[in-house]
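Chemist: pasting a predicted model and its sequence here:
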Amino acid sequence: MRKPFFLFAGLLFIGCTKEIKCNGNNKPVAEEPTAKGGSPKPINYANFTIRQGQHYCDQNGVKSVKTSEMKFMVKFDSSAIYQTVSSENQYDINKLWGFTEGINNQYNSARIGWSWNNNALRLYGYVHADGVRHYQEITSVAIGSDITCSIKLAGNTYLFTVNSGSINLPRGPSSTQGSGYQQYPYFGGNETAPHLITIMIKPL
């Protein structure tokens, strides 16, 4: 009468025991979790092009902006690597994306800038606050990577964030919302684009 009981208990133990993977030394190997959701969805960037010999990008229509934070993603390709005619101009900050507060970007505005110098692609906070220009490097980024950026109003300062790096720069107004116009990619500085430059941007 005991055999059926032990047979049933043995089958139950086998059926309820999870398989343990082993390496060549018969030591247990942890299973990696199964990926969920498959591959990440591609980012739907828009291309902004600055032609050789130009400052402004081709896509620069007038667009009003009212915001407390401007967020976007950007990707640079190898066209962001360039050499200026005059070596001192290599450190000029090109403009990437941002907004004015009012109608004059030379008086109150906030933009993220970029440049290629010392063999690195560098992103900056770049502002005019009551007519005074301020700028500071935020971080360097990799060609071909997806970069998350933000310009946030914080009283009388702007908080610039690029990936995990952030800085603060002065702001002229102190309102909770900025009201002005969209600022698009621009090359220069003193020199114009030395070749066709394509920048991929997606507002968030």
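Modeler: Cool, got the structure.
Chemist: drop to CA atoms for contacts and neighbour counts, all remaining ones
Modeler: OK.
Chemist: pLDDT weak spots in the protein?
Modeler: Where the chain drops to pLDDT under 70, the residues are 1-38.
Chemist: which parts of it are helices?
Modeler: Secondary structure of the chain (DSSP state H): helices at 2-16.
Chemist: where do the strands of it begin and end?
Modeler: 46-50, 64-67, 69-76, 94-100, 109-117, 120-129, 132-141, 147-154, 157-162, 165-170, 178-183, 197-203 (DSSP state E).
Chemist: ok, which of those comes nearest N190?
Modeler: strand 94-100 (10.0 Å; CA to CA).
Chemist: and that closest one, what does it pack onto?
Modeler: Under the contact definition 3 or more CA pairs under 8 Å, 6 or more residues apart in numbering; DSSP states H and E, strand 94-100 sits against strand 109-117, strand 178-183.
Chemist: and the last one with strand 94-100, angle?
Modeler: The reference is to strand 178-183. Angle between the axes of strand 178-183 and strand 94-100 is 150 degrees (criterion: axes from the mean of the first three to the mean of the last three CA atoms, to 10 degrees).
Chemist: was I right to think S79 contacts M200?
Modeler: No - counting by CA atoms under 8 Å, S79 sits too far from M200 to count as a contact (11.3 Å).
Chemist: so which of those two has more stuff around it?
Modeler: M200 (18 against 13; other CA atoms under 10 Å).
Chemist: coming back round to it: tell me which of the strands of the chain is the most buried.
Modeler: Each of the strands of the chain was scored by mean neighbour count; the highest is strand 109-117, a mean of 26, by mean count of other CA atoms under 10 Å.
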